[in-house]
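prediction below, plus the sequence it came from.
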Amino acid sequence: MAETGPANPSTPVTAGQLIQLVEHGLQLVGTGDREDLRKRLDLTLGRLKDPSIRVIVVGEFKQGKSKLINALVGAPACPVDDDIATSVPTVVRYGDPASAAVLTPKADAGPGDDGIAERQPIPITELPAYVSEKGNPGNSRKLLAAEVCLPRKILAGGLSVIDSPGVGGMGSAHTLATLTALPTADAMLLVSDASQEYTEPELRFLRQAMRITPNVVGVLTKTDLYPDWRRVEETDRCHLGTVAPDIPLFPVSSDLRLEAARLQDSELNVESGFPELIAYLLNAIVGQAQRLQRRSVSQDLLGVTENLRLSLQSELAALENPEGTPQMIAELELAKAEADDLRKRSARWQITLNDGVSDLIADMEYDLRNRLRQVQREAETAIEQEDPGPVWAEFSQWLEECVAAAISDTFVLTSERAEWLAAQVAEHFAAEEARLPVMHASNSADLLIPVDAMPGMDSGHVNPVQKVLIGMRGSYGGVLMFGLLTGIFGMALINPLSLGAGLLLGRKAYREDKEARLKRRQVEAKALVRRQLDDVTFQVGKQLKDRLRLVQRTIRDHFTEIADEHHRSLADSVAAAQTAANTYALEKDARIRDIKAELKKVDALHHAAEAVAAEVSDAANRTPEGAQ
Amino acid sequence: MNRSTIAGAVDLVQEALKVYGDDPASAAVLEGLARRLAEPLRIAIAGMVKAGKSTLLNAIIGEEIAPTDTGECTRIITWYRHGHTPRITLYPLEGKPRTLPLKRVDGRLVFVLGEVRASDVDRLDVEWPSPALRNMTLIDTPGIASLSEDVSARSTAFLAPADTQSEADAIIYLMRHMHAADLRFLESFRDTEAGRSGTVNAIAVLARADEVGGGRIDSLLSAGEIADRYRHDHNLRKLALGVVPVAGLLAQSARTMRQQDFAALQLLAGLDRADREKMLLSADRFLRSTMPEGLSAESRASLLGRYGLFGIRLAVVLIPNGFNEPTPLAHELARRSGLDPLLDLLDRQFQARAEALKARTALVGVETLLRTSPRPGTGHLAADLERLQANAHEFRELRLLATLRTTGVPLSPELAAEAEGLVGGWGAASYARLGLTADTTPGELADEARRHLVRWRAVAENPLTDRSALDACRVVVRSCEGVLAESSARQRQPA
């Protein structure tokens, strides 16, 4: 179907060709003094060379998540056991030679600190001792994650698969941990085995997760064991249909795939159902992420060439048409002033951003407080009804679950709102930027194309948002993923403490009269609950606030940078036009020739970038299933 | 064991009937209680959806009567009780009960509801001439955590109602792996009863144990290890009296093995090992395979549906190893399915104290009635109730058992474990309490009981023993005395 694309009769541009294009762009920029443009292209190049497409595998425990990953990569990357196996999230990605590492929290780092994780390489054979429930029960080693690098073809495209500990019903801390990891993931594989249709907790989790990552793939595992898996598949499809249309579902058998790999039996491999799943992962998930990346690369290239062209063309126009120069300079100055405004804090998008973030923080705090207050009220009622002493262990566990559920809700709300805010800001930025002058400085109008076709903003507000998100994924993903986790660990630490305190107090009060003892225990329990919830509000509030500030900073930096580029380009153009006006006739011809040659190169790059952009939008219009 | 407790409960209910006879609602409740005291113990089978509740019920009864399916199947609470002739009665939420036609497909009952919707049915009542139902009434319930929430809600409301006592005296709880929803449910079941009587009366079953290891033939060993871990899990320990792994499908089919099943399994066992293993890689492969020739597609499907891959894999390994007759094979499969330990546990934990469990249910019922609709002239009822509750040693044992398993008693761990056994934590029979085997002679039992008695008296008199442990010691001493009295009596009149 590649031949249907009019702009690109050949196959899509490979990553290597894209890298060449960007390097070409760097050469063009390299000769000038545009440090800002070079930085941008360097970043682009970095992203291109190290693409990371994160697919997170989630599901209830014992559904075969780890085995699915093992079968996917054809290696025992994640430990598998009949009992609950995984206790630490494990990232499986490309790397040659095979290696493994664990991430531990830095002992002296405060919460929200950027350098929170420490990477510690371990021998790959010892991995089970770190990530399995047997070697590390309940993650008592307090690891943040483990990382396995394998030289596998399927991972070479930048795909990284994350194995998560099983979620056992909503409200547990694992669920929250999984939810916090979702915003940094490009897609989510929801794993459920073929023994039965989806249960209510599974679908509830799916609904919540869909609000964060809409890119969901259902996987039905263990089809070898259940003769009736086709009926379960059918029922599950119906259930998925009620959540959202067209969530794909792939029935697979990890055991068959592993057996096929052992016996080198391709028929068995087909039976395992993995080829379809892999094709979907590579085409739809990796393909989509790559399209997104291509689009952002092409937009970056287009932006850079536009910026370069502007100053070159202004100079050329001034050289070829000296009498129009003052007018052109005046218009350029005006445009420069407007671009300058865009950088100022008074610009509308800046106001939207600042107001939005403070609103969001206020709302988030209110939401969190409100939810936790409800929990507190329920807890106090429960304490009043019964003697909290004997059931304190269960009670604190119940409390922890309620708190975790409340935080997950707030978290989902916050991330939804943050994304919405980014879209709003982008829209305002695009709207303001569209008011930049359409320049007719010279009578040879066709030489100077309108500036309103400037980088990236013209195709609506989708682009910038995605760019911001990509930026966040790349640079802050790791930190964000674990930022909130430490909050949870903090809570978990507090619980045994409060439990101990409760026991101590209970012991002391024991000798006193029974009635008074009960009253006192209840008061103590209430105080403990209140203190605990206070701590949670404080810690989690801080984490969420930090997170939002990070979002704010990322959005602001992103747009300011673009505004800066505009400003630089326009300033350069003014300078170039002014210099040109003073150039002698003799040098003029030589300079015109130089500029034309330079312009030609820039134009060539521009066209190449346009071709990539056209191909991307073309591919996006096609159905993903159509792609091979 | 103690006739006076159950007799006292019967008397109390009759007394209450005299006082409340004029109030139809209360009288109905009391009559229900009186009936319950005369009936066998009611054991409910509960669990998350698709845990295999109906399958296990069939296995316990030893006949495939409860309908089972891949989709969510049981949507109505169904009682299976003993009757001389098979009969199904439908009790709608409103209106009179009516008899349903007896329809069976492949031996399983089909409930022909006609135009009645499942949500309008209160319960179905199946009377069945099965010996297994003689001393217990089994109640099949719809799964909790179902996607059709009203179905789940019905189960929860039935087993753990908010205001009255539960209809079930005890519960077999099926779970595949310990899920948050499982614990929550068991807690709520305990709360309704235990809030007032402080006891534990649930057995947890690690269901579908054959699937734990992906159907490998050593799956049940893994399942046993997991069950062991759950047995020591502090959350589950106080909610359930024991945890056993059971491969329900295999248990059901082994107890109802047919000649044609055996013939088919024998054919399979005769195949070349490599071919057989390749064929048994997946359910699809097994259904598609054309080997051995004598096996039709239907019998393949039926075999797979009845035994599962695990059952087939196990049977074809067993047949060449000496189990080449239908009966021994069926017995061996049933043994390996883990059903026997479950039946044994049921016997030790529920049947042996059926009277106490039933009496307790009746007492809680009367107490609720006295509390919710007080009236003059019930003073003596309350006094009787109090006396029964305080005096019945069984109740104190049950309460102590619950305390030992929940908050604990300030005793050394060995002593606490011993106390748990002596008050009947491992079974109510004398030998089980003393941790001995069933074939121990009464003389040995008496000696052992005496030894324990002396030891516990010493503990109770020790000034260093914590005050709150003294009550526990007294109960244990009393239990030892009971065992001693019983074995001495048996010693005097040798059988």
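That came through fine. Numbering: from 1, shown residues only, chains lettered A, B, ... in the order given.

against B:Phe310, how distant is B:Ile217?
To B:Phe310, B:Ile217 is 7 Å away according to CB to CB, to the nearest Å. C-beta coordinates here come from the backbone N, C-alpha and C atoms, glycine included.

show me what contacts B:Asp233?
B:Asp233 sits next to B:Met178 when contact means CB atoms under 8 Å, 6 or more residues apart in numbering or on different chains.

what is the least confident helix or strand in the chain?
Since no chain was named, I'll use chain A. Lowest on mean pLDDT, DSSP states H and E among the helices and strands of chain A sits helix A:462-471, with a mean of 39.

ah, no, chain B please
Across helices and strands of chain B (mean pLDDT, DSSP H and E), lowest is helix B:180-197: a mean of 63.

give the next helix or strand downstream of it.
Next along the chain after helix B:180-197, taking DSSP states H and E as the criterion, comes strand B:202-206.

tell me if that next one is near chain A.
No: contact of strand B:202-206 with chain A (CB under 8 Å from any CB of the partner chain) is absent, the minimum separation being 10.8 Å.

can you tell me what sits against that strand?
For strand B:202-206, contacts defined as CB under 8 Å, 6+ apart pick out B:47, B:56, B:170-177, B:186, B:189-190, B:212, B:223, B:226-227, B:230, B:236, B:239-246, B:342, B:345-346, B:349-350.

what about chain A: which of those residues touch it?
Contacts with chain A within the contacts of strand B:202-206, counted by CB under 8 Å from any CB: B:Arg176, B:His177, B:Val212, B:Ala223, B:Ile226.

now the residues you listed in CSV, with secondary structure?
Converted to CSV, these look like this (DSSP: H, G, I helix; E, B strand; the rest coil):
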residue, secondary structure
B:Arg176, coil
B:His177, coil
B:Val212, coil
B:Ala223, helix
B:Ile226, helix
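
could those residues go into CSV alongside distance to B:Gly114 and neighbour count?
Formatted as CSV, these follow (distance: CB to CB, whole Å; neighbours: other CB atoms under 10 Å in any protein chain shown):
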residue, distance to B:Gly114, neighbour count
B:Arg176, 34, 24
B:His177, 39, 20
B:Val212, 41, 26
B:Ala223, 41, 25
B:Ile226, 44, 23
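
now tabulate these in a markdown table and tack on pLDDT.
Formatted as a markdown table, those follow (pLDDT from 0 to 100):
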| residue | pLDDT |
| --- | --- |
| B:Arg176 | 81 |
| B:His177 | 77 |
| B:Val212 | 80 |
| B:Ala223 | 88 |
| B:Ile226 | 86 |
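
show me which of those residues is closest to B:Gly143.
Comparing these against B:Gly143 with CB to CB places B:Arg176 closest, at 11.1 Å.

what sits against that closest one?
The contact partners of B:Arg176, taken as CB under 8 Å, 6+ apart, are A:Lys62, A:Ser195, B:Met48, B:Ala51, B:Leu206, B:Ala207, B:Arg208, B:Glu211.

can you get me a residue count around A:Ile122?
A:Ile122 has 15 neighbouring residues, counting by other CB atoms under 10 Å in any protein chain shown.

who in the stretch 151-300 of chain B is up against chain A?
Residues of the stretch 151-300 of chain B found near chain A (CB under 8 Å from any CB) are B:152, B:176-181, B:184, B:187, B:208, B:211-215, B:219, B:222-223, B:225-226, B:229, B:234-235, B:281-287.

at 7 Å instead, please
B:177, B:179-181, B:211-215, B:222, B:225-226, B:229, B:281-284, B:287 (CB under 7 Å from any CB of the partner chain).

and the buried ones among those, selectable in ChimeraX?
Per 16 or more other CB atoms under 10 Å in any protein chain shown, the buried members of those correspond to this ChimeraX selection:
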select /B:177,179,180,181,211,212,213,214,215,222,226,281,282,283,284
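
could you pull out the helices in the stretch 351-500 of chain A for me?
If DSSP state H, counting those that start in this stretch is used as the criterion, the helices of the stretch 351-500 of chain A fall at A:392-433, A:462-471, A:477-509.

state whether B:Ala46 is indeed within a strand.
Yes: under three-state DSSP, B:Ala46 falls within a strand.

now the host helix or strand of A:Arg593: buried residues?
For A:Arg593, the element it lies in under DSSP H and E is helix A:585-621. Of all the residues in helix A:585-621, those buried under the rule 16+ other CB under 10 Å are A:591-592, A:595, A:598-599, A:602, A:605-606, A:608-609, A:611-613, A:615-616, A:618-619.

one more: stretch A:246-263?
For stretch A:246-263, burial by neighbour count (16+ other CB under 10 Å) applies to A:247-261.

tell me where chain B is predicted with low confidence.
B:1-4, B:71, B:145-147, B:161-165, B:189-200, B:406-407, B:494-495 (pLDDT under 70).

just want the most central residue of it.
Compute the mean C-alpha point of chain B, and by CA atoms, centre = their mean the closest residue is B:Ile172, 3.6 Å away.

OK, contacts around that residue?
Contacts for B:Ile172 (CB atoms under 7 Å, 6 or more residues apart in numbering or on different chains) come out as B:Ile43, B:Ile45, B:Ile203, B:Val205.

may I have the phi/psi pair for the closest residue to B:Thr5 other than its chain neighbours?
Closest residue to B:Thr5 in three dimensions, ignoring its sequence neighbours and counting by CB to CB, 6 or more residues apart in numbering or on different chains: B:Ala392, at 4.4 Å. Per-residue torsions, B:Ala392: phi -70, psi 120 (degrees, to the nearest 10).

could you measure from B:Ala392 over to chain A?
Remark: distance between B:Ala392 and chain A (CB to the nearest CB, to the nearest Å) = 23 Å.

burial of that residue, as a residue count?
B:Ala392 sits with 21 neighbouring residues when counted by other CB under 10 Å.

then B:Pro413?
By other CB under 10 Å, 8 other residues sit near B:Pro413.

mind listing the strands for chain B?
Ranges of strands within chain B are B:41-47, B:78-82, B:87-92, B:98-100, B:103-105, B:108-110, B:121-128, B:136-140, B:170-175, B:202-206, B:243-245, based on DSSP state E.

which other helices and strands does the last one contact?
By that I understand strand B:243-245. Here strand B:243-245 touches strand B:202-206, helix B:219-231, helix B:339-349, going by 3 or more CB pairs under 7 Å, 6 or more residues apart in numbering or on different chains; DSSP states H and E.

cool, and the first one?
Secondary structure elements in contact with strand B:41-47, counted by 3+ CB pairs under 7 Å, 6+ apart, are helix B:53-61, strand B:136-140, helix B:149-159, strand B:170-175, helix B:354-372.

next: the longest one.
On a contact count with 3+ CB pairs under 7 Å, 6+ apart, strand B:121-128 meets strand B:78-82, strand B:87-92.

can you redo those as CSV with mean neighbour count and distance to chain A?
Converted to CSV, the helices and strands packed on strand B:121-128 look like this (neighbours: other CB atoms under 10 Å in any protein chain shown; distance: least, CB to the nearest CB, whole Å):
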stretch, mean neighbour count, distance to chain A
strand B:78-82, 21, 20
strand B:87-92, 17, 27
